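In: quick one, structure for this:
(chains A and B)
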Amino acid sequence: SQTIHQWPATLVQPVGSPLSLECTVEGTSNPNLYWYRQAAGRGLQLLFYSVGIGQISSEVPQNLSASRPQDRQFILSSKKLLLSDSGFYLCAWNHQDGQGASYEQYFGPGTRLTVT
Amino acid sequence: LAKTTQPISMDSYEGQEVNITCSHNNIATNDYITWYQQFPSQGPRFIIQGYKTKVTNEVASLFIPADRKSSTLSLPRVSLSDTAVYYCLVVNFNKFYFGSGTKLNVKP
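Out: The predicted structure is shown next:
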(Lines give C-alpha, C1' and ligand atoms only; values in the text may rest on other atoms or scores of the structure.)
Protein backbone atom coordinates (compact mmCIF):
# COMPACT_ATOMS: atom_id res chain seq x y z
CA SER A 1 0.00 0.00 0.00
CA GLN A 2 1.03 3.58 -0.52
CA THR A 3 2.03 5.91 2.29
CA ILE A 4 3.10 9.52 2.41
CA HIS A 5 5.36 11.01 5.04
CA GLN A 6 6.06 14.60 6.00
CA TRP A 7 8.47 16.03 8.50
CA PRO A 8 8.78 17.73 10.73
CA ALA A 9 5.28 17.68 12.20
CA THR A 10 5.66 21.07 13.83
CA LEU A 11 8.18 23.82 13.44
CA VAL A 12 8.74 27.21 15.03
CA GLN A 13 11.14 29.43 13.16
CA PRO A 14 12.18 33.08 13.47
CA VAL A 15 11.59 35.56 10.68
CA GLY A 16 14.44 35.55 8.21
CA SER A 17 15.52 31.99 8.92
CA PRO A 18 15.65 29.29 6.23
CA LEU A 19 13.12 26.50 5.80
CA SER A 20 13.22 22.96 4.53
CA LEU A 21 10.19 20.67 4.62
CA GLU A 22 10.39 17.18 3.24
CA CYS A 23 7.80 14.84 1.81
CA THR A 24 8.30 11.26 0.68
CA VAL A 25 5.91 8.78 -0.86
CA GLU A 26 6.20 5.01 -0.64
CA GLY A 27 4.54 2.23 -2.56
CA THR A 28 4.05 3.93 -5.91
CA SER A 29 6.19 5.22 -8.74
CA ASN A 30 6.15 8.37 -10.84
CA PRO A 31 3.45 10.13 -8.83
CA ASN A 32 2.37 13.70 -9.26
CA LEU A 33 3.43 15.61 -6.15
CA TYR A 34 1.93 18.75 -4.64
CA TRP A 35 2.63 21.30 -1.92
CA TYR A 36 -0.24 23.22 -0.36
CA ARG A 37 -0.42 25.82 2.39
CA GLN A 38 -3.44 26.40 4.58
CA ALA A 39 -3.68 29.53 6.67
CA ALA A 40 -5.77 29.35 9.82
CA GLY A 41 -9.46 29.03 8.99
CA ARG A 42 -8.86 29.15 5.25
CA GLY A 43 -8.90 26.79 2.31
CA LEU A 44 -5.85 25.16 0.76
CA GLN A 45 -3.60 27.20 -1.50
CA LEU A 46 -1.73 25.24 -4.15
CA LEU A 47 1.93 26.28 -4.04
CA PHE A 48 3.80 23.87 -6.31
CA TYR A 49 3.22 20.70 -8.23
CA SER A 50 5.53 18.30 -10.00
CA VAL A 51 4.94 15.65 -12.66
CA GLY A 52 8.48 14.27 -12.58
CA ILE A 53 12.02 14.59 -11.26
CA GLY A 54 13.26 18.13 -11.64
CA GLN A 55 9.93 19.32 -13.05
CA ILE A 56 8.36 21.96 -10.83
CA SER A 57 5.44 24.24 -11.56
CA SER A 58 4.89 27.23 -9.33
CA GLU A 59 1.37 28.42 -8.78
CA VAL A 60 1.94 31.39 -6.53
CA PRO A 61 4.95 33.74 -6.75
CA GLN A 62 6.51 34.08 -3.31
CA ASN A 63 9.67 33.45 -1.38
CA LEU A 64 9.21 29.69 -1.40
CA SER A 65 10.72 27.16 -3.77
CA ALA A 66 10.32 23.45 -4.35
CA SER A 67 12.53 20.70 -5.62
CA ARG A 68 12.09 17.07 -6.58
CA PRO A 69 15.48 15.40 -6.43
CA GLN A 70 14.08 11.87 -6.53
CA ASP A 71 10.95 10.33 -7.95
CA ARG A 72 9.17 10.10 -4.61
CA GLN A 73 10.73 13.01 -2.74
CA PHE A 74 9.44 16.55 -2.71
CA ILE A 75 11.08 19.38 -0.78
CA LEU A 76 9.73 22.82 0.06
CA SER A 77 12.30 25.48 0.89
CA SER A 78 12.76 29.10 1.72
CA LYS A 79 15.89 31.16 2.16
CA LYS A 80 14.24 33.72 4.45
CA LEU A 81 10.91 33.14 6.15
CA LEU A 82 8.27 35.83 6.48
CA LEU A 83 5.58 36.08 9.14
CA SER A 84 3.03 35.43 6.40
CA ASP A 85 4.61 32.02 5.74
CA SER A 86 3.03 30.65 8.90
CA GLY A 87 0.48 27.96 8.22
CA PHE A 88 -0.24 24.29 7.79
CA TYR A 89 1.79 22.81 4.96
CA LEU A 90 0.46 19.75 3.25
CA CYS A 91 2.10 17.48 0.74
CA ALA A 92 -0.05 15.34 -1.53
CA TRP A 93 0.28 12.91 -4.39
CA ASN A 94 -1.89 11.31 -7.01
CA HIS A 95 -1.49 8.91 -9.88
CA GLN A 96 -0.48 10.34 -13.20
CA ASP A 97 -2.90 10.11 -16.08
CA GLY A 98 -3.01 6.70 -17.62
CA GLN A 99 -2.39 4.81 -14.39
CA GLY A 100 -5.98 4.11 -13.44
CA ALA A 101 -6.21 7.85 -13.23
CA SER A 102 -8.62 9.43 -10.89
CA TYR A 103 -8.69 12.78 -9.26
CA GLU A 104 -8.10 11.34 -5.85
CA GLN A 105 -5.25 13.01 -4.04
CA TYR A 106 -3.62 11.48 -1.00
CA PHE A 107 -2.43 13.87 1.65
CA GLY A 108 0.33 13.63 4.19
CA PRO A 109 -0.08 14.47 7.89
CA GLY A 110 1.12 18.02 7.39
CA THR A 111 3.63 20.38 9.00
CA ARG A 112 2.44 23.15 11.28
CA LEU A 113 4.84 26.09 10.74
CA THR A 114 4.86 29.09 13.02
CA VAL A 115 7.08 31.99 12.05
CA THR A 116 7.82 34.27 15.00
CA LEU B 1 -9.84 26.32 -14.12
CA ALA B 2 -13.43 27.02 -13.22
CA LYS B 3 -13.96 28.83 -9.95
CA THR B 4 -16.30 27.16 -7.49
CA THR B 5 -18.78 28.76 -5.11
CA GLN B 6 -20.16 26.99 -2.04
CA PRO B 7 -22.07 28.05 1.06
CA ILE B 8 -19.73 29.03 3.86
CA SER B 9 -21.47 26.90 6.47
CA MET B 10 -24.40 24.57 7.06
CA ASP B 11 -26.02 23.07 10.12
CA SER B 12 -27.70 19.69 10.32
CA TYR B 13 -28.86 17.14 12.87
CA GLU B 14 -27.80 13.56 13.27
CA GLY B 15 -29.65 11.17 11.02
CA GLN B 16 -30.61 13.78 8.44
CA GLU B 17 -29.60 13.81 4.80
CA VAL B 18 -27.36 16.74 3.93
CA ASN B 19 -27.05 18.25 0.48
CA ILE B 20 -24.23 20.69 -0.27
CA THR B 21 -24.44 22.48 -3.58
CA CYS B 22 -21.50 23.91 -5.48
CA SER B 23 -21.63 26.32 -8.39
CA HIS B 24 -19.05 26.12 -11.20
CA ASN B 25 -20.46 28.16 -14.05
CA ASN B 26 -17.28 28.19 -16.16
CA ILE B 27 -16.58 24.47 -16.10
CA ALA B 28 -14.78 23.24 -19.21
CA THR B 29 -15.47 20.14 -21.27
CA ASN B 30 -12.54 18.15 -19.85
CA ASP B 31 -13.03 19.17 -16.21
CA TYR B 32 -14.08 16.68 -13.56
CA ILE B 33 -15.87 17.51 -10.33
CA THR B 34 -14.50 16.17 -7.07
CA TRP B 35 -15.37 16.59 -3.41
CA TYR B 36 -13.08 16.35 -0.41
CA GLN B 37 -13.63 16.29 3.34
CA GLN B 38 -11.25 17.85 5.84
CA PHE B 39 -11.08 17.52 9.60
CA PRO B 40 -9.08 20.01 11.70
CA SER B 41 -5.31 19.56 11.54
CA GLN B 42 -5.57 16.86 8.88
CA GLY B 43 -5.19 16.79 5.13
CA PRO B 44 -8.32 16.58 3.01
CA ARG B 45 -9.72 13.19 2.15
CA PHE B 46 -11.27 12.31 -1.18
CA ILE B 47 -15.00 11.61 -1.09
CA ILE B 48 -16.25 11.28 -4.64
CA GLN B 49 -15.73 12.40 -8.22
CA GLY B 50 -17.94 12.64 -11.26
CA TYR B 51 -18.32 14.05 -14.76
CA LYS B 52 -22.06 14.08 -15.31
CA THR B 53 -25.34 12.60 -14.04
CA LYS B 54 -25.16 10.72 -10.76
CA VAL B 55 -22.35 8.92 -9.01
CA THR B 56 -22.75 6.95 -5.79
CA ASN B 57 -20.25 5.27 -3.52
CA GLU B 58 -20.39 3.86 -0.02
CA VAL B 59 -20.32 7.26 1.69
CA ALA B 60 -21.96 9.80 -0.62
CA SER B 61 -23.74 10.59 -3.84
CA LEU B 62 -22.88 13.25 -6.36
CA PHE B 63 -25.52 14.78 -8.58
CA ILE B 64 -24.47 16.72 -11.68
CA PRO B 65 -27.08 18.25 -13.99
CA ALA B 66 -26.76 18.12 -17.74
CA ASP B 67 -25.27 21.61 -18.05
CA ARG B 68 -22.64 20.71 -15.40
CA LYS B 69 -22.69 24.26 -14.02
CA SER B 70 -23.38 22.99 -10.53
CA SER B 71 -23.10 19.84 -8.48
CA THR B 72 -24.61 18.57 -5.26
CA LEU B 73 -22.93 16.36 -2.71
CA SER B 74 -25.43 14.28 -0.77
CA LEU B 75 -24.50 12.74 2.56
CA PRO B 76 -27.13 10.26 3.80
CA ARG B 77 -27.95 10.09 7.50
CA VAL B 78 -25.10 12.20 8.85
CA SER B 79 -23.55 11.60 12.24
CA LEU B 80 -21.57 13.83 14.57
CA SER B 81 -18.37 12.51 13.00
CA ASP B 82 -19.37 14.08 9.68
CA THR B 83 -18.72 17.53 11.13
CA ALA B 84 -15.98 18.81 8.85
CA VAL B 85 -15.21 21.16 5.98
CA TYR B 86 -16.30 19.95 2.55
CA TYR B 87 -14.57 21.20 -0.57
CA CYS B 88 -15.85 21.15 -4.11
CA LEU B 89 -13.14 21.17 -6.79
CA VAL B 90 -13.13 21.32 -10.54
CA VAL B 91 -10.08 19.42 -11.72
CA ASN B 92 -8.27 19.20 -15.02
CA PHE B 93 -4.81 17.96 -15.97
CA ASN B 94 -3.96 17.17 -12.38
CA LYS B 95 -4.37 20.72 -11.14
CA PHE B 96 -6.36 20.96 -7.96
CA TYR B 97 -7.71 24.24 -6.61
CA PHE B 98 -9.42 24.20 -3.25
CA GLY B 99 -11.80 27.02 -2.41
CA SER B 100 -12.89 27.98 1.07
CA GLY B 101 -15.21 25.00 1.45
CA THR B 102 -18.43 24.50 3.38
CA LYS B 103 -18.21 23.98 7.10
CA LEU B 104 -20.81 21.38 8.04
CA ASN B 105 -21.84 21.29 11.68
CA VAL B 106 -23.82 18.21 12.70
CA LYS B 107 -25.73 18.60 15.94
CA PRO B 108 -27.03 15.84 18.22
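
In: for the nearest residue to residue B:38 once chain neighbours are set aside, list the residues it contacts.
Out: Excluding the flanking residues, the one nearest residue B:38 by C-beta to C-beta, 6 or more residues apart in numbering or on different chains is residue B:44, at 4.3 Å. C-beta here means a position set from N, CA and C on the backbone, and glycine is covered the same way. Counting by C-beta atoms under 8 Å, 6 or more residues apart in numbering or on different chains, residue B:44 makes contact with A:44, A:105, A:107, B:36-38, B:87, B:98.

In: at 6 Å what do you get?
Out: A:107, B:36, B:38 (C-beta atoms under 6 Å, 6 or more residues apart in numbering or on different chains).

In: make CSV out of these and add pLDDT and distance to residue B:106.
Out: Listed next are the contacts of residue B:44 as CSV, based on pLDDT from 0 to 100; distance: C-beta to C-beta, whole Å:
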residue, pLDDT, distance to residue B:106
A:107, 95, 22
B:36, 96, 17
B:38, 96, 15
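
In: in TSV: the residues you listed, plus secondary structure.
Out: As requested, the contacts of residue B:44 are exported to TSV (DSSP: H, G, I helix; E, B strand; the rest coil):
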residue	secondary structure
A:107	strand
B:36	strand
B:38	strand
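
In: highest neighbour count among those?
Out: residue B:36 (25 neighbours; other C-beta atoms under 10 Å in any protein chain shown).

In: grab the nearest non-local neighbour of it.
Out: Using C-beta to C-beta, 6+ apart and skipping residues adjacent in sequence, the residue nearest residue B:36 is residue B:44, 3.9 Å away.
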